[in-house]
Structures are given as structure tokens and as C-alpha cells.
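All I have is the shape, not the residue letters:
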């Protein structure tokens, strides 16, 4: 590490005195902060949707599947530096799933493709389903959507969903 010393001279006009202020720096890091600025929006909204899919369980209890989703989020409005933006989130996605069945529980992970009002992205998810009966499934799922260009913005969308499914 290099040490730097900075001296600042302040002249106070009414007293006509000169004062020297000395600051010792152990590291010089100010340049790194000036070059990066990230603006972040955090909004919450309700989402409603439907999903359909197919899963296959192997004899070793591994489960693979595919799922299609459609969801609509209430309109999210926000403003950045005097500009107002509206995000209508109508999301369609397809994902591949991989899980492991344990008794009536199925924890799984997923990855896939997402399309939102003409903008493409990818998704990653993790969830757990519980077979309430032989036909009714209850589940909780966390999904992260990532867009390089969502209505002109680089954006991520995190969703936690409570799910009810019917097994045919």
C-alpha cells in the first residue's frame, strides 16, 4: 500500500489567517467510485397466471420436466430523474425442470426462456411442490427473469409465487 498526503490551504477573509489542514490517506480509491453509476428500481406488484407442464419420474426418484407459464403483473409505474416509465409485465416462458422426489415433496430447479411484451430474456428458478392428494399439488417457486433490453432498460424481475396445480 502506498500512503499519500494531501494538504489543503484555507484562507478566511475576515481574520486574514492561513490555516493548513492535513489528511493522511492509506489508499487512494476515489477514481473507482466515479466511473460507475447504477440506478435501481424496486417495485412490488401482484401477479396472476397459469402454468401447464409435463414431468416424468424415474425409478431412482429423479424427476425431469418441462413447463410453460403465462403471467400478467399489475402495471408497475416508476420515475427516474423526472422521467416516468410504465412496465406492463405480460410474461410468457418455457422452462426445463430437474428435481428429486422425496415422499410427497418435489424440490426442483429450472432454467429457460422468457418473453415479455416483445423483449426476450432468460430465467432461473427454484421451487418445491407438495402432493396434497394424488391429483392436487401445492407449491412455492422463486423465479428470476433477466432481460438485456426490457423497454429500453437492462432489468431483472424476481417473483415468488404460490401455486396450485391439478395432476391428470
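Great, that's in hand. Since we're looking at a predicted model, the values are computed, not measured.

Report the helix or strand with the lowest average pLDDT across this protein.
Sorting the helices and strands of the chain by mean pLDDT, DSSP states H and E puts helix 30-34 at the bottom, at a mean of 40.

you'd agree residue 69 is up against residue 90?
No: counting by C-beta atoms under 8 Å, residue 69 stays clear of residue 90, with 11.5 Å between them. Just so you know, the C-beta spots here come from the backbone N, C-alpha and C atoms, and that holds for glycine as well.

rewinding a little: moving C-terminal of the least confident helix or strand of the chain, what's the next helix or strand?
For helix 30-34, the following helix or strand on the C-terminal side (DSSP states H and E) is strand 47-57.

Mind listing what's buried along that next one?
By neighbour count with 16 or more other C-beta atoms under 10 Å, strand 47-57 contains the buried residues 49, 51, 55.

that older thread, more crowded one of residue 69 and residue 90?
residue 69 (24 against 13; other C-beta atoms under 10 Å).

Could you say which helix or strand holds the more buried one?
Per DSSP H and E: strand 62-80 holds residue 69.

now swap in residue 163 and tell me
For residue 163, the host element (DSSP H and E) is strand 153-166.

I'd like the mean pLDDT over that strand, please.
Across strand 153-166, pLDDT averages out at 86.

show me where pLDDT drops low in this protein?
Residues of the chain meeting the criterion pLDDT under 70: 1-45, 74-88.

Domain parsing of it, as residue ranges.
In the assignment given by automatic domain parsing, the structural domains of the chain cover 4-34, 48-166.

tell me the contacts of the residue lying closest to residue 164 once chain neighbours are set aside?
Once flanking residues are discounted, residue 164 sits nearest to residue 138: 6.0 Å by C-beta to C-beta, 6 or more residues apart in numbering. Residues near residue 138 by C-beta atoms under 8 Å, 6 or more residues apart in numbering: 129-130, 132, 162-165.

Tell me which two in the residues you listed are the farthest apart.
Longest distance between any two of the contacts of residue 138 is 13.1 Å, between 132 and 162; criterion C-beta to C-beta.
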